[in-house]
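Undergrad: This is a predicted model, with the sequence first.
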Amino acid sequence: MNFLFVHQNMPGQYRELLPWLVAQGGHNIVFLTQRTPLPQIKGVTSVGYKPHRTPAEDAYGLSKTWEAAAGSGYGAVLAAQNLKASGFTPDIIIGHAGWGELTFLKEVFPDAPIIGFFEYYYRTHGGPVNFDPESPATPHTPYLLAARNTVPLMNFEVVDRGHAPTFWQRDRFPKRFHDDMYVCHDGIRTDTLRPNATAAIKLGRLDQPLTVGDEILTYMARNLELTRGFHKFMRALPKVLAARPKARVLIIGGNETSYGKKSDHPKGLRGQLEAELGDQLDYSRIHFLGRVPFQDYQRVIQVSRCHMYLSMPFVLSWSALEAMAMGATIIASDVAPVREAMTDGETALLVDYFDHDAIADRIIDVLSNPRDFAHLGPAARTHVVETYDFHTRCLPVHLSEINKLVPKAKRLDIPA
């Protein structure tokens, strides 16, 4: 089958599906992306495109998102036209519907069905907006959010089938679209993401590697930002470190902002929190690791005695489910998207996002009495295997949805 994947940040949500399709053989897979340098995935032809136009920094706020999306969409069209001229016609197009890349592709490939990934629909309540008083909305916010929704709303008329990874994300969209969307996570490789009792992580300033026998508290996010509760975590640390003199804190994440409000501090939110907390923190026991290779990230989670996932109500992170797959004892914020994946007292400990003092107490409990919480990690792994495993749970659903849109002769074999 001829596949055309479209995602500005290749491979995006298709990081597991792509290699599986390659391994089956017989498919011609092309991936259209803005990412540079072009990612190289064996068996996949990477094709770059540039937005045809990008909005000026001072562009009108209510049309800026659409201008960017239209520029990306037309840039994708120009690349798609070149593909068509070279003789490539997709049997199916699969891509992200939030950035405009899919918007005009039916003009190039009118007979190719499209599955669009609908990641998020912006609303003034129920998500990160108006959730945390430290990230206040402005009087303009409702109008800017409505304008941002122009792109997914237009793409509902373009795609033949919508896809959302969680029910919480689907339910952010208007109800009239729900029947046209299927809900299935991208998939977690629970066969490779496992607990490892012999895991060890070597840090430059320590003589000995850290292992599962050490008292390790971990935090992970793509970036250390408000949306992922980094400020709540940092404010809990003085009490934790005072109560647990042997504890060490390993923090993974960049110092940029992926979502929500940026810190006004010149050194980002980390710099802001360091200035706020001053000498309350023992930095000899806090290790900021930045962004690390995936294998190192795995080892950090595998040696963790207590792992934190403090998020506003927002898109559920891959890392949350990956930590569950690795059997971590997780303390997470008690918000709706987290509750879809974790159950308090059964697979995790859920806490009030706003109460950093209570968060500290829960961390201290877990670090002090790991045996009392030893059931959480195995139960979390079992839940992820049963619900989010790529090969046994998610892949068959994705293949089934593809098969509904392509001719019978081209349908994919679905693993038993």
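TA: Now that the structure is in, tell me what you want to look at.

Undergrad: C-alpha from now on. contacts and neighbour counts both.
TA: Fine.

Undergrad: So which residues of the stretch 201-350 of the chain form helices?
TA: Along the stretch 201-350 of the chain, counting by DSSP state H, counting those that start in this stretch, helices occupy 230-243, 268-277, 294-303, 318-325, 336-341.

Undergrad: Among those, which comes closest to residue 250?
TA: The closest of the helices of the stretch 201-350 of the chain to residue 250 is helix 294-303. By C-alpha to C-alpha, the value is 7.6 Å.

Undergrad: okay if I get the helices of the stretch 201-350 of the chain as JSON lines plus distance to residue 69?
TA: Formatted as JSON lines, these follow (distance: least, C-alpha to C-alpha, whole Å):
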{"stretch": "helix 230-243", "distance to residue 69": "30"}
{"stretch": "helix 268-277", "distance to residue 69": "28"}
{"stretch": "helix 294-303", "distance to residue 69": "31"}
{"stretch": "helix 318-325", "distance to residue 69": "25"}
{"stretch": "helix 336-341", "distance to residue 69": "27"}
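
Undergrad: For residue 360, find the nearest of those.
TA: Per C-alpha to C-alpha, nearest to residue 360 of the helices of the stretch 201-350 of the chain: helix 230-243, 4.8 Å.

Undergrad: circling back to that earlier point, nearest to residue 125, of the helices of the stretch 201-350 of the chain?
TA: helix 336-341 (12.5 Å).

Undergrad: Other residues contacting the closest one?
TA: 167, 168, 169, 313, 314, 315, 316, 321, 332 (C-alpha atoms under 8 Å, 6 or more residues apart in numbering).

Undergrad: 7 Å instead?
TA: 168, 313, 314, 316 (C-alpha atoms under 7 Å, 6 or more residues apart in numbering).

Undergrad: Specify the angle between the helix or strand of the chain with the lowest mean pLDDT and helix 230-243 in degrees.
TA: In the chain, the helix or strand scored least confidently by mean pLDDT, DSSP states H and E is helix 268-277, which has a mean of 93. For helix 268-277 against helix 230-243, the angle by axes from the mean of the first three to the mean of the last three C-alpha atoms, to 10 degrees is 40 degrees.

Undergrad: what bits of the chain have low per-residue confidence?
TA: Residues of the chain meeting the criterion pLDDT under 70: none.

Undergrad: how about 80 then?
TA: 260-261, 416 (pLDDT under 80).

Undergrad: So the most centrally placed residue in it versus residue 205, what's the distance?
TA: Of all residues in the chain, the one closest to the mean position by C-alpha atoms, centre = their mean is residue 317, 3.9 Å from it. Separation of residue 317 from residue 205 (C-alpha to C-alpha, to the nearest Å): 30 Å.

Undergrad: what's the answer for residue 378, then?
TA: With C-alpha to C-alpha as the criterion, residue 378 and residue 205 are 32 Å apart.

Undergrad: The two: which is more packed in?
TA: Legend: neighbour count by other C-alpha atoms under 10 Å for residue 378 and residue 205, higher for residue 378 (18 against 8).

Undergrad: so how far is the helix or strand harbouring that one off the chain centroid?
TA: If you go by DSSP states H and E, residue 378 is part of helix 376-388. Distance of helix 376-388 from its chain centroid, counting by C-alpha atoms, centre = their mean, to the nearest Å, is 18 Å.

Undergrad: The top helix by length along the chain: what's the following helix or strand?
TA: The longest helix of the chain (DSSP state H) is helix 61-85. Under the assignment DSSP H and E, the closest C-terminal helix or strand after helix 61-85 is strand 92-96.

Undergrad: which stretches of the stretch 1-150 of the chain form strands?
TA: According to DSSP state E, counting those that start in this stretch, the stretch 1-150 of the chain carries its strands in the segments 2-6, 28-33, 44-48, 92-96, 114-117.

Undergrad: Turn these into a markdown table, columns for mean neighbour count and distance to residue 350.
TA: A markdown table is the format used below for the strands of the stretch 1-150 of the chain (neighbours: other C-alpha atoms under 10 Å; distance: least, C-alpha to C-alpha, whole Å):
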| stretch | mean neighbour count | distance to residue 350 |
| --- | --- | --- |
| strand 2-6 | 22 | 36 |
| strand 28-33 | 21 | 38 |
| strand 44-48 | 19 | 41 |
| strand 92-96 | 24 | 31 |
| strand 114-117 | 25 | 29 |
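
Undergrad: Please tabulate the ones you listed in TSV, including the columns distance to residue 61.
TA: Below are those laid out as TSV (distance: least, C-alpha to C-alpha, whole Å):
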stretch	distance to residue 61
strand 2-6	26
strand 28-33	26
strand 44-48	28
strand 92-96	23
strand 114-117	25
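
Undergrad: between those, which gets nearest to residue 266?
TA: strand 28-33 (31.8 Å).

Undergrad: Off-centre distance for that closest one?
TA: 22 Å.

Undergrad: can you list contacts of that strand?
TA: Outside of strand 28-33, the residues within contact range by C-alpha under 7 Å, 6+ apart are 1-10, 44-49.

Undergrad: Could you do stretch 7-16 as well?
TA: Counting by C-alpha under 7 Å, 6+ apart, residues outside stretch 7-16 touching it are 32, 33, 34, 35, 95, 96, 186.

Undergrad: Repeat that for stretch 278-295.
TA: Against stretch 278-295 from outside (C-alpha under 7 Å, 6+ apart): 238, 248, 249, 250, 251, 252, 253, 254.
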